[in-house]
Structure formats: C-alpha cells, structure tokens
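Student: Just the structure for this:
(4 chains)
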Number of protein chains: 2
Amino acid sequence: MGYRIYIKMSIQIRFSLNEGLYLKDPQDSKLGKNIIQHSILLIDEFGFESFTFKKLAEKIGSTEASIYRYFENKHILLIFLVNWYWEWVSYLIQINTMNVSDARVKLKIIIHSFVSAPKDNPGVEYVNESKLHNIVISEGVKAYLTKDVDEENSKGFFSSYKNLANTVSHVISEINPEFKYPYALATNLFEMSNNHIYFAKHLPRLTDISVNGNNVDEAETMLNYFADKLLF
Amino acid sequence: MGYRIYIKMSIQIRFSLNEGLYLKDPQDSKLGKNIIQHSILLIDEFGFESFTFKKLAEKIGSTEASIYRYFENKHILLIFLVNWYWEWVSYLIQINTMNVSDARVKLKIIIHSFVSAPKDNPGVEYVNESKLHNIVISEGVKAYLTKDVDEENSKGFFSSYKNLANTVSHVISEINPEFKYPYALATNLFEMSNNHIYFAKHLPRLTDISVNGNNVDEAETMLNYFADKLLF
DNA sequence: TTTTTTATGATAGTATCGCTATCATTTTAA
DNA sequence: TTAAAATGATAGCGATACTATCATAAAAAA
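Tutor: Next up is the predicted model:
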C-alpha cells in the first residue's frame, strides 16, 4: 500500500549559558529538559522559597540525587532560568530590530519585547515562557540579592542581563547622546516593568497601572512614556 | 559633700507598627530591643538567607523559644524591620518638609531623606539606621516577593510603604497635576534608589553612578534628574 | 511584704531541608 | 558485544524551622 513518509523537523532554539551555572547541560538530555520544564511550573505555582529539589524529583518521577547532577542547588537553577529568560529576550530583540534603523523605533520594540515577550511567541517546547516571565517578575531579583553576588558576578553568572543592559544603553545613547544615565535607564526600564506588573497584581496602591490577566499594555505604555520624557 | 543630681532624659522615637507583625511588642522590653538591634546586625552581616533565630539567640545570650515569643518567624521580622525603616523615613520627611511650601523643594527633600537618611541622623539607640538601610537595599523586596503577599497585604503589613508612596505621589501631583503616573514615579524613585546603590556596589555595569562608602550623592543627583525631567 | 502574674531560660523533640555517598540498573556509545 | 555514562534507589547527616514543657526569674498586684 505504498509509503508514508514522516518528516520530523524541529527547529530548536538553544542558548549557550554560562557553563558555571550547571554541572551537566540540561538542554542535552530528556531529564535535563524535564528539570527545566517542571522547575518553571513548580516555582511559578508555589514560589521559590517552598520549591525544593525533592518536590521537583517527585513531580518528574526522578530523584533528588539525579537533579543534583545537573544543578548545584536551587539558587543556581534560579540564576540559570533567569539567564535563559534574558537570553531569550535578547534573541527576540535581535530579530525584531534587525532591519530597523531608527533608534527611537528600536527602543519601542525593545520595550515591547520584554514586557510582552511571552504573548507573542511560540518559543521552546519545554519552556513555558509566560510562566518563566512570571518567575522573572516575582523571583528574578533573588538571583542577585544574596551575599554571593560578588563571587557569582565574577564568574559571569549575570552576564546575560548585563549584555542586554549594554545593548539597550547603546540604543538609548543613540537616541540622545547627551543623556547621562543610559545604563541606569536601561535597567530601570526592566526593573520597572517587573515591579509594576507585580504591583498591579498584588499591591495596586503602589502603581497607577492595571494589568488584566496577560494584558500588560498599560505597563508598556507607561514605560514608553517614561523613556520618551527622559530622552527627548 | 552636697548633692549630685543626675537627670536622665531620653527622648524616644517610637513607631506604631501594624500589630500583626509581632506577637509581643519588641519596643517594650530589653529582650525585644535586643532582638531588633542584633537582628539588624546579623542580617546586614550574613544576609537574610543564612540568618536564623538560633544564631540570633546565641548572639544575644537568649534562646530560640524566647525570640519566637516576639516574632512568628524571620520573614515577619524582616517585614517589621522594613516597616520600621519606612516609618522612620516618613518621620524624617515630615519634620524636614514641615515649613516648606514649594512642592519642588519638598520633593528634593524627600529624595534626600530616603537616599541619605542614615547619614544625617542620630536616631534610636538600639537601631543602627545605616545598617538597616543596607538591609532595605539588599533584602527589602523579599518582604513582599513571596506567595503570601496578598494575605499579608490584606492584614496591612505593607501599609507603611504604601502610606509613604501616597504622600510622595501627592507632592508629585502638586508639582505637575497633569502627570499620569504619580504613584509609579514615587515608588520608582524608592526602588531605583535601592537598586542603583546596590548595583553601584555589586553590579556596576548595570548603572552609571558610583557609590563610595556611604557617599550616595550620585544616586541623589540621578534621582533628582529623573524626577525633574519627568515632571517639568 | 507577699502573692500572683508575666517574662525568660533550659531542654527536648519532630518534620523538613539541603546535600553527599554508595551501589544497582538502565541507556547510550565504542 | 562490551565498556562507559546516565539514572534510580536508598541511606544518612547536620541544619533549619519550628513546638512543647517545665523551671526559674522578674515585675506587678494584693
């Protein structure tokens, strides 16, 4: 009865993250991908504090010991996830601004990319970008707000974020070469985005915007307004 | 040979914090004050994650059980400390802006108050304001970045911060009634202050300012610049 | 003062956490 | 087919985050 030919094509995005962040690259194996996938789900659902490798192991039908073969501890795993997110945002920015020459338009696209990233994108099978975004919002700063910052920073654990900040600061300087705080504005846009999406959801009296479900348009509008006012 | 008369005068500042934050008011007893004093020192020195009631108990020559009679757990203690800080900043702002009518000047004073608060002030005997400021910078956001935010917020655990944000937003609206984001700007000034002082110390490539020891003048200048640009 | 209440100290105990070690088994590569 | 690498199973250990109980000390009320 003839042939059926199945062609399985998979285009995979794969980010090269700092090698100190894992003992064995989780992107290389089924178990590794499972760890990433379900750690995102668990941290998003229960929060980073009550997340443990034991619970994760149970959830994916593996063992604590196996997970420790990939990540030194849950703190390093968090840094890994956050880096993954910023690499992904960098990637989005890169492809979305590829043929754009006007720096002002570029900045708009950049803001859109990190505020609404998960909304627009298909992404990677084993990463729920929307939940990862929530983790970055709610837990992201815990990656560097520890007594190990200096040591971890010297190992390059925060380079994804720093590179992105650098890229954005260049766009800012292109818009207004006189502006004295291009790095601060760049990082402030990121932090402000995270903070105010969180505030809108949990501490609404600390912000003026509101967020309905996944609709973060007001955040985007506000960030554009701030950037415009500061740069023009 | 006659008399010596000792007059012991102590003017005490005492903030009334949300009663849900403690089981017994630590401001009422020697042990309570000891807990506050040395928890600040320990958290500042070793970070919130590795801070435990057991270590604190050892340090003050007491026991774990006794500390648990004051605070439910270390997380609530952190919220207490952060609230104390914001109450203190509110107090500083209130007395420093008392006879100031110009809203622009007020905002400058406000910014100076929370950026440089510990530098200017004598304060309360058992609170090292400078170290408490460091804690707010490095650990402050962990007070609300947890899965218990909503519940704790409904109990009023973050009201000190919200009240302050409210006060500042009114000054902002006084300066420019057209400005659409008075609350967001208010909180952003606080967060930006904390973030960039931290960045200057630990992740300098994320900011443009530098901080030398306790000299945070560049942070203050930057915040004033941002506020001016946004409001005028 | 004496009594009663309240605050603190001393000690023990329990479940979970964070992590390491060892050995068996399965999967993959040579 | 054999060797190597990856995973699973299990145990264990010290620390954490509490809770409970009882004794003692300090403060307040009688």
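Student: neighbouring contacts of stretch A:207-222?
Tutor: A:111-112, A:115-116, A:118-119, A:130, A:192-193, A:195-197, A:199-201, A:204, B:180-184, B:187 (Cβ atoms under 8 Å, 6 or more residues apart in numbering or on different chains). For the C-beta atoms, the positions are set from N, CA and C on the backbone; glycine is no exception.
Student: how about 10 Å then?
Tutor: Here stretch A:207-222 makes contact (Cβ atoms under 10 Å, 6 or more residues apart in numbering or on different chains) with A:108, A:111-112, A:114-119, A:130, A:133-134, A:192-201, A:204, A:223, B:165, B:169, B:179-188.
Student: Kindly provide the distance from the residue positioned nearest the centre of chain A to residue B:83.
Tutor: When chain A is reduced to its mean C-alpha position, the closest residue under Cα atoms, centre = their mean turns out to be residue A:85, at 2.4 Å. Using Cβ to Cβ, to the nearest Å, we find residue A:85 at a distance of 31 Å from residue B:83.
Student: Near DNA strand C, which residues of chain A are found?
Tutor: Counting by Cβ under 7 Å from any atom of the strand, the residues of chain A lying close to DNA strand C are A:50, A:52, A:53, A:54, A:55, A:64, A:65, A:68, A:72, A:73, A:74.
Student: Tell me who's in contact with the fifth one.
Tutor: Put plainly, it is residue A:55. Counting by Cβ under 10 Å, 6+ apart, residue A:55 has contacts A:38, A:39, A:42, A:46, A:64.
Student: Now with 8 Å, please.
Tutor: By Cβ under 8 Å, 6+ apart, the contact set of residue A:55 is A:42, A:46.
Student: Quick one: the helices in chain A, in order.
Tutor: A:30-46, A:53-59, A:64-68, A:74-96, A:103-120, A:129-139, A:149-154, A:159-175, A:182-202, A:217-231 (DSSP state H).
Student: Turn those helices into TSV, columns for mean pLDDT.
Tutor: Formatted as TSV, those follow (pLDDT from 0 to 100):
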stretch	mean pLDDT
helix A:30-46	97
helix A:53-59	97
helix A:64-68	97
helix A:74-96	96
helix A:103-120	90
helix A:129-139	96
helix A:149-154	98
helix A:159-175	98
helix A:182-202	98
helix A:217-231	98
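Student: Which of those helices sits closest to residue B:23?
Tutor: Proximity to residue B:23 (Cβ to Cβ) singles out helix A:182-202 among the helices of chain A, at 25.2 Å.
Student: And that closest one, what does it pack against?
Tutor: If you count contacts as 3 or more Cβ pairs under 8 Å, 6 or more residues apart in numbering or on different chains; DSSP states H and E, helix A:182-202 packs onto helix A:103-120, helix A:129-139, helix A:159-175, helix A:217-231, helix B:149-154, helix B:182-202.
Student: Next, the angle helix A:74-96 makes with that helix.
Tutor: Inter-element angle recorded for helix A:182-202 and helix A:74-96: 110 degrees (by axes from the mean of the first three to the mean of the last three Cα atoms, to 10 degrees).
Student: what angle do helix A:182-202 and helix B:217-231 make?
Tutor: Interaxial angle, helix A:182-202 versus helix B:217-231 (the same axes, to 10 degrees): 70 degrees.
Student: Counting neighbours, what do you get for residue A:178?
Tutor: 6 (other Cβ atoms under 10 Å in any protein chain shown).
Student: okay, the helices of chain A, which one's buried deepest?
Tutor: The highest mean neighbour count among the helices of chain A, using mean count of other Cβ atoms under 10 Å in any protein chain shown, belongs to helix A:182-202: a mean of 23.
Student: ends of stretch A:56-71, how far apart?
Tutor: Terminal residues of stretch A:56-71 lie 12 Å apart, using Cα to Cα, to the nearest Å.
Student: Phi, psi for residue A:209 please.
Tutor: Per-residue torsions, residue A:209: phi -100, psi 160 (degrees, to the nearest 10).
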